[in-house]
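Enquirer: Sequence and predicted structure below; questions after.
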Amino acid sequence: MTILGISLTHDGTVSIIKNGKHYFSIAEERLNRRKAYIGFPFEGLRYLINSNIIKPSEIDIVAVSSSVFLKNWAFTFAFQLTENKMYYDLQNEQKPSNFYIHDKEYLEIKTDKDCKAYVDRKIKKLLETVGINCKIQYVDHHLSHAASAYYSSGFNEALSVTMDGEGDLLSATVNICKNGKINKISETSNKHSAGYLYSEVTRRCGYKISRHEGKITGLAAYGDYKKHEECFDNLTSVVNGKLEYKDRVNRSFINKIKNKVLNLIGRNFYMGHQELINRCDTLSNKDLSASIQNHLEKRIVEIIRFWKDKTGIGKIVLSGGIFANVKFNQLISEIEGVDGTYIFPCMGDGGNAYGAAIYTYFKKRDFDPIKNKIQNVYLGPSFDNEYVFNMLKNNDKIEFYKSHNIPQETAQLISEGKIIGWFQGRMEYGPRALGNRSVLASPVDRDINKWLNERMKRTEFMPFAPSCLNEKADEVFELSGEFLKFPAEFMTITFKMKQEWVERAPAVAHIDDTARPQLVTEESNPKYYRLLQEYYKITGLPLIINTSFNVHEEPIVCTPEEGLQPLLNSVIDVFVCEDYICKLK
């Protein structure tokens with residue numbers, strides 16, 4: 001059976017499941033080049049068919065990771081499901097004065113039932129444009145998150161925790177997963193969202209929500225949470241294993257009117273998560289970041305400890321945007337009694353395309369956890385040497401040649417201080433570059449975080465992450481358990497670095513001596529593993545800098561043409577694309 005999964009919220013994505021195996025995934029942003037694209041993956045759907053990834057007749061079911069359709073959401077659904085419109089970032093930008101959308105049907109929606117029928121019609125029409133005619137299954141947002149983590153974890157029994165800003169009116173769920181079945185035992189409404197608290201701090205620090213929360217995680221290490229810890233501790237509590245805002249100002253109709261009127265005359269009236277953050281006065285960005293990070297660390301650990309103790313299940317699987325926070329994940333893994341931790345690599349809403357599809361597949365089928373355990377996330381497009389040669393041959397600004405030992409030559413270039421754009425094989429699924437669309441560099445220059453980020457037009461407070469030979473992990477990092485190597489294959493967790501390695505590889509150590517490594521095995525990525533081996537032979541260092549192959553506010557590169565552009569703009573020194581090594585003349 002072949003199932004097409006679709007996520008149409010932020011980070012719209014398509015995924016293909018064939019007989020339970022994750023066959024292909026691509027986010028819309030990688031094709032339309034709009035970072036964190038909100039909406040239906042129009043180009044992704046066309047790419048599947050036009051590139052012969054799948055034939056329309058092969059698809060048996062379409063699974064969509066949304067299941068709540070409210071009349072008040074009519075415009076949002078119209079925006080997500082209509083390609084012909086003036087696009088803008090719904091979460092961070094005001095509607096443009098000249099906004100247009102080629103859809104008036106949504107204006108006729110009067111009831112929730114009308115909204116569901118409208119969404120169903122729109123999706124069916126979009127599928128029909130590429131020849132797909134089959135049943136559509138709508139899967140709850142947080143159930144899709146839970147399924148993505150559980151079915152790929154390799155665990156038969158696990159405690160699944162999902163947590164984000166909001167999805168289908170919920171901000172968190174807890175589930176007992178066993179023998180292929182997912183049983184929800186707790187849910188938290190969107191009125192008590194941990195994700196919204198974190199995003200509000202992101203916004204107040206001048207960054208974009210649902211895009212720049214990682215900057216807050218990095219900035220937190222520079223601040224002092226103790227100054228305002230008492231105030232933040234009074235914002236929320238954990239009651240019966242659920243986060244609860246204390247004395248929340250409701251987002252009622254009257255309060256919304258009051259908010260708009262007072263804002264017009266230059267006064268602020270806050271509600272919900274915004275009002276909570278406002279209680280703690282004006283803080284510096286560093287202290288505000290440290291305060292929310294510390295507060296939610298404590299609350300999230302308390303929640304997971306509560307459910308671990310209540311259920312007796314020590315294997316924890318995590319998904320949802322909150323778990324993009326690698327510090328949260330580290331602390332969860334250190335809870336006493338936790339003997340397995342796994343974070344779905346595409347933990348945000350893009351992961352729900354896979355989650356909805358895999359849940360639909362296993363809903364009525366037997367589940368083998370070992371057989372279905374994730375092997376890697378190289379699930380996107382690839383380009384062969386012939387394609388690369390034809391792309392390079394007519395460019396008079398570069399010189400290039402075909403290497404007979406790409407790992408060895410690239411390792412030598414890195415050891416000489418060159419910045420490498422590394423483009424190999426199938427593109428990664430999810431937010432992390434894991435050695436197929438990566439920028440690589442030596443980890444020995446402490447100042448590289450400043451000057452390379454400037455080259456890449458980035459403002460970052462977290463150091464570059466390292467890729468490290470898996471077998472050397474115990475030498476470099478302080479691991480509390482062997483089980484932690486598995487989530488670290490996907491760069492989803494932080495560890496303390498041993499002091500020797502903080503000094504030998506200062507470019508990848510944060511101010512608190514932590515790092516967010518990718519542990520590389522030969523099985524997961526043979527060519528990248530060989531590169532690390534060659535670099536180790538030359539330098540005695542089993543790790544290199546690995547940062548995503550993109551400049552600020554652009555998606556990670558998808559095609560060789562996009563990978564070449566940073567070389568032409570002198571962002572990188574050398575472009576290594578499949579077996580070709582390219583430099584400027």
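Expert: That came through fine. Numbers count the residues shown, from 1 in each chain.
Enquirer: Tell me the buried residues in the longest helix along the chain?
Expert: Identified as the longest helix of the chain according to DSSP state H is helix 285-311. Buried residues in helix 285-311, defined by neighbour count with 16 or more other C-beta atoms under 10 Å: 285-301, 303-308. In short, each C-beta sits where N, CA and C put it, glycine included.
Enquirer: ok, now which ones touch the nearest residue to Ile292 once chain neighbours are set aside?
Expert: Residue nearest to Ile292 in three dimensions, not counting chain neighbours: Val201, with 4.5 Å by C-beta to C-beta, 6 or more residues apart in numbering. Contact partners of Val201, counting by C-beta atoms under 8 Å, 6 or more residues apart in numbering, are 216, 277, 288-289, 292.
Enquirer: Out of those residues, which one has the weakest pLDDT?
Expert: In terms of pLDDT, Ile277 ranks lowest among the contacts of Val201, with 86.
Enquirer: how close does that one sit to Asp224?
Expert: Applying C-beta to C-beta, to the nearest Å, the value for Ile277 to Asp224 is 17 Å.
Enquirer: Phe40 now?
Expert: Phe40 is 44 Å from Asp224, where distance means C-beta to C-beta.
Enquirer: For those two, indicate the residue with more neighbours.
Expert: Neighbour totals were compared for Phe40 and Asp224, and Phe40 leads with 25 against 14 (other C-beta atoms under 10 Å).
Enquirer: Please parse the protein into its domains.
Expert: Domain ranges of the chain: 2-64+68-138, 155-344, 385-584, per automatic domain parsing.
Enquirer: For Ile370, find the nearest of those domains.
Expert: For the domains of the chain, the distance to Ile370 is smallest for domain 155-344, at 8.7 Å, taking C-beta to C-beta.
Enquirer: Would you agree Glu475 is in contact with Lys498?
Expert: Yes: using C-beta atoms under 8 Å, Glu475 makes contact with Lys498 at a distance of 7.4 Å.
Enquirer: Which residue of those two possesses the greater neighbour count?
Expert: Shown here are Glu475 and Lys498; by other C-beta under 10 Å, Lys498 has more neighbours (15 against 12).
Enquirer: Please report how far the more buried one lies from Arg504.
Expert: Lys498 is 10 Å from Arg504, by C-beta to C-beta.
Enquirer: Next: Ile304.
Expert: Distance, Ile304 to Arg504, by C-beta to C-beta: 34 Å.
Enquirer: what's near enough to touch Ser148?
Expert: 319, 344, 346, 351-352, 354-355, 358.
Enquirer: among those residues, which are in helices?
Expert: Those of the contacts of Ser148 lying in helices (DSSP H): 351-352, 354-355, 358.
Enquirer: By neighbours, which of these wins?
Expert: Tallying neighbours with other C-beta under 10 Å puts Asn352 at the head of these, with 37 neighbours.
Enquirer: For burial, what's the neighbour tally of Leu31?
Expert: By the criterion of other C-beta under 10 Å, Leu31 has 21 neighbours.
Enquirer: name the element it belongs to?
Expert: Counting by DSSP states H and E, the element that carries Leu31 is helix 28-32.
Enquirer: Now do the helices in the stretch 451-585 of the chain.
Expert: 473-476, 485-488, 499-504, 526-539, 560-568 (DSSP state H, counting those that start in this stretch).
Enquirer: elements contacting the longest one?
Expert: Here helix 526-539 is seen to pack against helix 406-415, strand 466-469, strand 518-520, strand 543-548 when contacts are counted using 3 or more C-beta pairs under 8 Å, 6 or more residues apart in numbering; DSSP states H and E.
Enquirer: closest one to Phe362 among those?
Expert: That would be strand 518-520 among the helices and strands packed on helix 526-539, by C-beta to C-beta, at 28.0 Å.
Enquirer: what's the following helix or strand after the helix holding Leu31?
Expert: Downstream of helix 28-32 (by DSSP H and E), the next one is helix 42-50.
Enquirer: so after that following helix, what's the next helix or strand?
Expert: Using DSSP H and E, the first helix or strand after helix 42-50 is strand 61-64.
Enquirer: Contacts for that following strand, please.
Expert: So strand 61-64 is contacted by 1, 3-8, 123, 127, 132, 134-139, 356-357, 359-360 (C-beta under 8 Å, 6+ apart).
Enquirer: Next, count neighbours for Glu460.
Expert: Around Glu460 there are 18 residues (other C-beta under 10 Å).
Enquirer: quick one: it and Ser467, what's the gap?
Expert: For Glu460, the distance to Ser467 equals 17 Å [C-beta to C-beta].
Enquirer: Check Ala158 too.
Expert: For Ala158, the distance to Ser467 equals 27 Å [C-beta to C-beta].
Enquirer: and Arg432, that one's in a helix?
Expert: No: read with DSSP: H, G, I helix; E, B strand; the rest coil, Arg432 is coil and lies in no helix.
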